[in-house]
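In: Sequence and predicted structure are below.
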Amino acid sequence: MNNNIKIIEEINKLKKEKDAIILAHNYQIDEVQDIADYVGDSLGLSIKASEVTNKVIVFCGVKFMAETAKILNPLKTVLIPDKTAGCPMADMINAKDVIELKKQHPGAIVVCYVNSSAEVKANVDICCTSANAVAVVNSIPKDREIIFIPDKYLGSYVESQTARKMMLWHGYCPTHAFIDAKSVIQMKKDHPEAEILVHPECNSEVIKTADKVLSTGGMLKYAHESPCKEFIIGTEIGIIYRLQKQNPGKIFYPAKNNIICPNMKLINLEKIMWSLEDNVYEINLPGNIIKKARLSLERMKEFV
Ligand code: SF4
């Protein structure tokens, strides 16, 4: 029997025994997406995690996502199959930085992209994802100063869509920063019929080349509904597997070769099996952090 088939059987057996559910991000490797009970973007995963009734959540993504699941559903056991799966952007700001920013800008509202640690979320007013950042910022009274953390590129895209000037932190996603406008323009020359869809974590030059700026969930919806048959995709390549699976008659080109987040590729079938076998690696957070971070995440969930 093929080794993967044996591992999949074992995972399914363990899932039943432990009453577990597998949640996976759109950037995970193909096999992980295939075995997951739910695959989605940060907003979809947050909503799903908060609704889970199983005892155990195996979270296939990066650490801040598994922490978000724990914060939104704290009585569940949340496991991440590879404890080294982090996010460089989330590590570009810490709770001390946020406290300092608030001191420097008293009265400002702090809007925080979910790509941030639990400690950071515990010190902000409201979280957002790339799917609802514009709506979140639009909801803030015009006379309030806004601090947007940690992604300067998402922040500047939101500024362009809301006509709000914000104080932007200097974080960014190295994977999306790797995408450059020249490569996207070249791809468009090679595939003139294709529509360009890019993620708002890309820099503003890349965003200028795009037909649509969308979260990964937004890309899936748009590509399905669009009459267009070809698309150039400006985000992590993991999404292309799902785009192709859901739209077999359409063609999806990565905006550039090797748009890969190494952290999103750390989890595989073996690690999911070991995670379920040994209950590793459990996400544990202090009660006060859960309580405070939950408020900012619950506010975010109102903007679906
Ligand atoms: S793709 Fe970028 S933002 Fe997402 S986990 Fe990787 S480094 Fe972080």
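Out: Yep, it's here.
In: Could you export the one helix or strand residue 148 maps to as CSV, keeping only the C-alpha atoms?
Out: For residue 148, the element it lies in under DSSP states H and E is strand 146-149. The C-alpha coordinates for strand 146-149 follow below in CSV (Å, rounded to 0.1, in the frame of the first residue of the first chain):
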residue,chain,number,x,y,z
ILE,A,146,-5.4,55.2,13.7
ILE,A,147,-2.3,53.2,14.3
PHE,A,148,-2.1,50.2,11.9
ILE,A,149,0.2,47.3,12.7
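In: What is it packed up against?
Out: Packed against strand 146-149 by the contact rule (3 or more CB pairs under 8 Å, 6 or more residues apart in numbering; DSSP states H and E) you find helix 95-104, strand 109-113, helix 152-162, strand 167-168. For glycine as for every other residue, the C-beta is placed from the backbone atoms N, C-alpha and C.
In: Could you save those as TSV and add columns showing mean neighbour count?
Out: What follows is the helices and strands packed on strand 146-149, written out as TSV (neighbours: other CB atoms under 10 Å):
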stretch	mean neighbour count
helix 95-104	14
strand 109-113	25
helix 152-162	20
strand 167-168	17
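In: Output those in TSV; the columns should cover distance to the ligand.
Out: Formatted as TSV, the helices and strands packed on strand 146-149 follow (distance: least, CB to the nearest ligand atom, whole Å):
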stretch	distance to the ligand
helix 95-104	17
strand 109-113	9
helix 152-162	10
strand 167-168	16
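In: Could you dump the ones you listed into TSV and include mean pLDDT?
Out: As requested, the helices and strands packed on strand 146-149 are exported to TSV (pLDDT from 0 to 100):
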stretch	mean pLDDT
helix 95-104	98
strand 109-113	98
helix 152-162	98
strand 167-168	98
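In: I'd like to know which of those is closest to residue 185.
Out: Judged by CB to CB, the one of the helices and strands packed on strand 146-149 that comes nearest to residue 185 is helix 152-162, at 18.3 Å.
In: Find the residue at the geometric middle of the chain.
Out: The C-alpha lying nearest the average C-alpha coordinate of the chain belongs to residue 42 (CA atoms, centre = their mean; 3.9 Å).
In: Tell me which residues touch that residue, please.
Out: 25, 65, 68, 114-115, 129-131, 215 (CB atoms under 8 Å, 6 or more residues apart in numbering).
In: got the contact list for the residue of the stretch 101-250 of the chain found nearest the ligand?
Out: Residue nearest to the ligand within the stretch 101-250 of the chain: residue 173 (3.3 Å; CB to the nearest ligand atom). Contacts for residue 173 (CB under 8 Å, 6+ apart) come out as 87-89, 115, 151, 153, 201, 261.
In: Sheet partners, orientation included, of the strand holding residue 148?
Out: strand 109-113 (parallel), strand 167-168 (parallel) (DSSP bridges).
In: Report the mean per-residue pLDDT for that strand.
Out: What strand 146-149 shows for mean pLDDT is 98.
In: cool, stretch 122-131 as well?
Out: 97.
In: Endpoints of that stretch, how far apart?
Out: Using CA to CA, to the nearest Å, one end of stretch 122-131 lies 21 Å from the other.
In: Please enumerate residues in contact with it?
Out: 41-43, 46, 95, 98-99, 102, 109-114, 116, 121, 136-137, 149, 154, 199-201, 215-218, 288-289, 292-293, 296-297, 299-300, 303.
In: which ones are touching the residue nearest to residue 116 when sequence neighbours are not counted?
Out: Leaving aside its sequence neighbours, residue 116 sits nearest to residue 90 (CB to CB, 6 or more residues apart in numbering; 5.1 Å). Residue 90 makes contact with 62-64, 115-117, 120, 150 under the criterion CB under 8 Å, 6+ apart.
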